[in-house]
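S.K.: Coordinates for the following, if possible.
(chains A and B)
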Amino acid sequence: MNLPNPIITLRDLKKSYDGVNNVLKGINLEIAPGQIIGYIGPNGAGKSTTVKIMIGMIPEFSGEVRVFGLDIATQAQDVKKRIGYVPETAALYETLTPNEFLRFLGRIHEIPEPEIRKRVAGMLHLFGLKENADARMTSFSKGMKQKVLIIASLIHDPDILFLDEPLSGLDANMMVVVKEILSRLAAKGKTIFYCSHVMDVVERVCDRIVIIDKGVLIADGTFDELQGMNKGESLEKIFTQLTGSSGQERLAEEFISVLEGGGIHDRLHPQDLRPVSSALRDPERRLPQNQGASPDQIDDRQPEGKVRGPAQV
Amino acid sequence: MTIDNRKEKSVAQRKSDKEISNSMIWVLFMYAFLGLFSGMLLVMIPSLFTALVLIQAMIMVMTAVALISDFSSVLLDTTDNAILQFRPIDDRTMAVARIVHISIYLLMITLSLSLGSLVIGTIKYGLMFTLTFPVSLLFSVLFIVFLSNIFYVLLIKISGEERFRDIILYFQIFMAVLALGSYQLLPRLMGASFLKNFSMEISWWTFFIPPAWVAAPVEAAVRGVMSGEALVLTLIGIGLPVLFVILVVKFLAPGFNKALLKLEMTVPIREKKSPGRVLSMFFSRLTTFRPVERFAFELVWLITGRDRKFKMKTYPTFGYWFIITAVLALGGKGRFSHMIQNLPASKIYLVFLYTGCMLIPMTLFQIRLSDQFQAAWIYHVLPIAKPGEIFRGAVKAMMIKFGGIIFLLLAIPTLFIWGPAVIDDIGLAFVNMIFITYALSLINKNELPFAKPYGIAREAQTRVTGFLYLLLPIFLGLVHYGLTYIPFGVLIMVPVIMVLIWPVSKIIARTLWTKIPPF
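M.R.: Predicted coordinates:
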């Protein structure tokens, strides 16, 4: 693919931690302005790493990354002025208030003080945080923090938005609002790079879907194109086919049988479990930190189930 | 049976959670030390009643503060609730587990606190003391437990969780300062002569001080004479705890659980026109000129004023330093009034000023750390060309905030005692403080504020840097001391240091991203 004026270009992007663990194994990607890109993949596929490289948070990588035509390795500061980012973990200095935090950001972006005040107050009001604008964020729920982060990513009216699970913790109404905001931003010519586990949101919101697995791009195209390529109907099915994991149903069955006191019939491999967790829909989103049902959690619960379970019956 | 089993289990779990073994032994050791000194009162004060009142007062205060500062964590452990609440454990089991845990803890504290008195008392007053003293202890502890219970309930009723935790924090800091300070102060107090002929008569107000209630029966038992007043006091001492038990069980306990529940429905702390924010904005406008520097200044100023862990790590040091300073200034072996007269002739204020200078770099060392270190992604996302400006903003904030407090605390009494002649000394010390802080911040200039978790931090401070933290203030202090013998020496040095500050602060501000470990 050779776009005439790509806003983001990745060429043979490779990243390894400690030189051993290859997270990204040569990613090539061009993104046109005004698109919403859905970037999906199983846990540990390298989604967040890709984003962090593109926004200049991880300076060490090999290959070429250009954003706005600027080389991220040398001109990161100029790129950072024009992008917004919502990180995967809703980590904030919680002793600050939303007002303080957002004002700090506005100031770094050199927005005039009255303009900052206007934007912060307006956005907090619209997101239902007006009452809490001057409250320390220690008492905030995950959803409230997520709202603050979304506002933070938009405060300087960036041209590209990098969103890593931006809807986590938000209630259904808020999700609709944010999705609508994203579509309108795209209509205004903003580019949105959207990382997520939640397939149906990606399916509905994104113009183009890129699937990554184990550091390699395995699919790229519109939802319709992906459907044409594979026989699945929903993105979720396509995803599980592409990431090469089958037998989720068997795994689920095993899970239940473990609960009911039976043993594990075959050895379960942690790798096998991963696609299941990411393919599960909403219920797993409520688990802390969005890590899904990782194998060690299952192991943890097992003895407790044995001890407490029978005592109750 | 099952319930019993679970009870023990949850108590055992709690214990292991608290890592009771090591730190607890230390704390108990410290209490025993305190107890030994208070036990000495029995020897030093001829009147048994007076000594007992003092000892009981000490035990009551210590238990109360320990209870409040240590037990808030057990009482308010919400993570615990999240794990246990949805499992089949009823409220009563939880309550029992809590009570068992608290009782064990209290038993250990009071034992260590009273051991000294018990041994010394037995030697001096005989077996009757051994028998009655523990009983009186039981009642005073009972009294304190229920008093602090009432304190808790009231506190929860008037404040939300966050404020509540803040109040508890100040108890914890007080406790820490007390712990450190008691080593210094107690032996000196023991030497004070006024204790020798200090005695207390029973008068009308005696009936209002709790330690007297439990001291009276012990004295009566040892003497074998029961006066009317002692009888009244004894009755109060026994009656009041019993009354409290009834009060708590009947009226407060049901409300307490509800209040705790309310605590979890967090009431946020609002900061609209908080003094911290106003001050930070005022000083940042005064001292910083670039957006990034101002951002860091206000960030550091606000978070250091609010983060409990930071306060817990730094404030006790300040308190301890204050005690040491006071001891140095007023202590010694001579008579108190004599010392005060001699002070102006000495130059000991220089020692105070420069020990104050040591504190700020140490505080600065602490701001690298935070429980919310993950929030540091923000530095890496924002268009910050020179991260050095973050450091300089942070250094300035700490210098003005804590340096300002220290110098105000020091300069006023110094001026008061030594007179306006030492203004130049204070000026030079202040300029030196700025220089020391900047220079020492060069050591760990590559670490962004609040970007590292607690725990792995220890390795970072090597012996060499720790040594430098002490050496530089001492060196400059000595130079300063030497200059006082040269006419106008101090005055000339002020601009010299000021000129030196400039390049150092430039170096800090020029730090590049390449020097900083990636997120």
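S.K.: and B:Ile144, that one's in a helix?
M.R.: Yes - according to DSSP: H, G, I helix; E, B strand; the rest coil, B:Ile144 belongs to a helix.
S.K.: who's in contact with it?
M.R.: B:60, B:63-64, B:67 (CB atoms under 8 Å, 6 or more residues apart in numbering or on different chains). In short, each C-beta sits where N, CA and C put it, glycine included.
S.K.: Among those, which one sits closest to chain A?
M.R.: The closest of those to chain A turns out to be B:Leu67 (CB to the nearest CB; 25.0 Å).
S.K.: Per-residue pLDDT of that closest one, please?
M.R.: pLDDT, B:Leu67: 74.
S.K.: Can you list which of the contacts of B:Ile144 are found in helices?
M.R.: Of these, the ones assigned to helices by DSSP state H are B:60, B:63-64, B:67.
S.K.: Out of those, who's the most crowded?
M.R.: Ranked by neighbour count (other CB atoms under 10 Å in any protein chain shown), the ones in helices among the contacts of B:Ile144 have B:Leu67 at the top, with 24 neighbours.
S.K.: ok, and the closest non-adjacent residue to it?
M.R.: B:Ser148 (5.0 Å; CB to CB, 6 or more residues apart in numbering or on different chains).
S.K.: Wait, the one you found touches B:Val65, no?
M.R.: No - at 9.2 Å, B:Ser148 and B:Val65 do not qualify as touching, with contact defined as CB atoms under 8 Å.
S.K.: Settle this for me: B:Thr363 is touching B:Met398, isn't it.
M.R.: Yes - B:Thr363 sits in contact with B:Met398 when judged by CB under 8 Å, with a separation of 5.7 Å.
S.K.: neighbour count winner among the two?
M.R.: B:Met398 (26 against 22).
S.K.: do you know how far that one is from B:Val278?
M.R.: Using CB to CB, to the nearest Å, B:Met398 is found at 18 Å from B:Val278.
S.K.: any idea which element the residue nearest to B:Leu67 lies in?
M.R.: B:Ser148 belongs to helix B:127-158 when elements are defined using DSSP states H and E.
S.K.: can you pull the contacts of A:Ala187?
M.R.: A:Ala187 neighbours (CB under 8 Å, 6+ apart): A:Gly34.
S.K.: for the one 4 residues further on, same thing?
M.R.: When contacts are counted by CB under 8 Å, 6+ apart, A:Thr191 touches A:7-8, A:31-37, A:159-161.
S.K.: List phi and psi for it.
M.R.: phi -100, psi 140 (degrees, to the nearest 10).
S.K.: Name the nearest residue to it, sequence neighbours excluded.
M.R.: A:Ile160 (4.6 Å).
S.K.: Quick check: beta-bridge partners of the one you found?
M.R.: Taking DSSP bridges as the rule, A:Ile160 bridges to A:Ile83, A:Thr191.
S.K.: hang on, it packs against A:Ile7?
M.R.: Yes - counting by CB under 8 Å, A:Ile7 is a contact partner of A:Ile160 at 6.5 Å.
S.K.: Enumerate the residues of the stretch 101-250 of chain A near chain B.
M.R.: Proximity of the stretch 101-250 of chain A to chain B is confined to A:104-105, A:107-110, A:132, A:134-136, A:138-140 under the rule CB under 8 Å from any CB of the partner chain.
S.K.: Outline the domain layout of the chain.
M.R.: Assuming you mean chain A. A:8-230, A:248-312 (automatic domain parsing).
S.K.: meant chain B actually
M.R.: Split by automatic domain parsing, chain B gives B:2-264, B:275-515.
S.K.: and those, which one's lowest on average pLDDT?
M.R.: domain B:2-264 (a mean of 69).
S.K.: Show the contacting residues for the closest residue to B:Met433 other than its chain neighbours.
M.R.: Leaving aside its sequence neighbours, B:Met433 sits nearest to B:Cys357 (CB to CB, 6+ apart; 4.5 Å). B:Cys357 makes contact with B:429, B:432-433, B:436-437, B:473, B:476-477, according to CB under 8 Å, 6+ apart.
S.K.: which stretches of chain A form strands?
M.R.: Secondary structure of chain A (DSSP state E): strands located at A:8-17, A:21-31, A:36-40, A:62-67, A:70-71, A:83-86, A:160-164, A:191-196, A:208-213, A:216-221.
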